[in-house]
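Peer 1: Here is my input; please provide its structure:
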Amino acid sequence: QVQLVESGGGSVQAGGSLRLSCAASGYTYSSNCMGWFRQAPGKEREGVARWHTRGGTIYYADSVKGRFTISQDNAKNIVYLQMNSLKPEDTAMYYCAVSFGSCQGEYNYWGQGTQVTVSS
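Peer 2: Below is the predicted model of the structure:
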């Protein structure tokens, strides 16, 4: 059974940092894409960062380039999202997801989400 469990969300002032974690289990890590997404109330879901394990290709949304970093601990099957220089517009529910195909395709499993709130 595939499980993705996010943690690390919280409230922070603008300019601060948070690190989100996504613990993955129930599947092999050989070739898949791990993604971080976010959705704010009234807005569409946005792909924030994605990492394909085959080749290590990484994609970032323009809105987070230079501020967010996706990384992973293969030994622990954890994917991280380091978020620096946070802005109020980063406020959203953040989800991790796994795609067993490409990073641009459909994501097969999703976590329950962790809330990030950035105050000005």
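
Peer 1: contacts and neighbour counts: CA atoms only from here.
Peer 2: Noted.

Peer 1: Was I right to think residue 73 contacts residue 79?
Peer 2: Yes. Because the distance of 6.4 Å satisfies CA atoms under 8 Å, residue 73 is recorded as touching residue 79.

Peer 1: quick one: which of these two has more around it?
Peer 2: residue 79 (23 against 10; other CA atoms under 10 Å).

Peer 1: quick one: pLDDT of that one?
Peer 2: Each residue has a pLDDT score; the one for residue 79 is 93.

Peer 1: ok, how many other residues are close to the nearest residue to residue 100 once chain neighbours are set aside?
Peer 2: Leaving out its chain neighbours, the residue that sits closest to residue 100 by CA to CA, 6 or more residues apart in numbering is residue 32, at 4.6 Å. The number of residues packed near residue 32 is 19, by other CA under 10 Å.

Peer 1: what sits against residue 41?
Peer 2: residue 92 (CA atoms under 8 Å, 6 or more residues apart in numbering).
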